[in-house]
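S.K.: this is the structure alone, sequence omitted:
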């Protein structure tokens, strides 16, 4: 059993309107030192796998096929024994 911690973020060249909105809100609240915000997604997925290599392959396939849009997003993940 493994726990996958998946981080999905927009590629640096893609505009991030959500991040800009968050940045504006933080500035309105007085956090003037915030110079930029990039929003992303974080997911935890439990896998009933016994082999770490196979678990890594399955997580990468999930990200490529559904969880991340490869045109505008990039992802990284960590696996922890569960």
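M.R.: Here it is on my side, so go on. Please read all numbers here as calculations on a predicted model, not as lab measurements.

S.K.: which residues of this protein fall in strands?
M.R.: Under the criterion DSSP state E, the chain contains strands at 2-10, 40-47, 73-81.

S.K.: can you list these in a markdown table and add mean pLDDT?
M.R.: Formatted as a markdown table, these follow (pLDDT from 0 to 100):
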| stretch | mean pLDDT |
| --- | --- |
| strand 2-10 | 98 |
| strand 40-47 | 98 |
| strand 73-81 | 97 |
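
S.K.: in this structure, what residue sits furthest out from the centroid?
M.R.: residue 30 (27.4 Å; CA atoms, centre = their mean).

S.K.: sorry, back to before: tell me the most buried of the strands of the chain?
M.R.: strand 2-10 (a mean of 18; mean count of other CB atoms under 10 Å). (C-beta placed from N, C-alpha, C; glycine too.)

S.K.: other SSEs contacting that strand?
M.R.: Contacts defined by 3 or more CB pairs under 8 Å, 6 or more residues apart in numbering; DSSP states H and E place strand 2-10 against strand 40-47, helix 52-62, strand 73-81.
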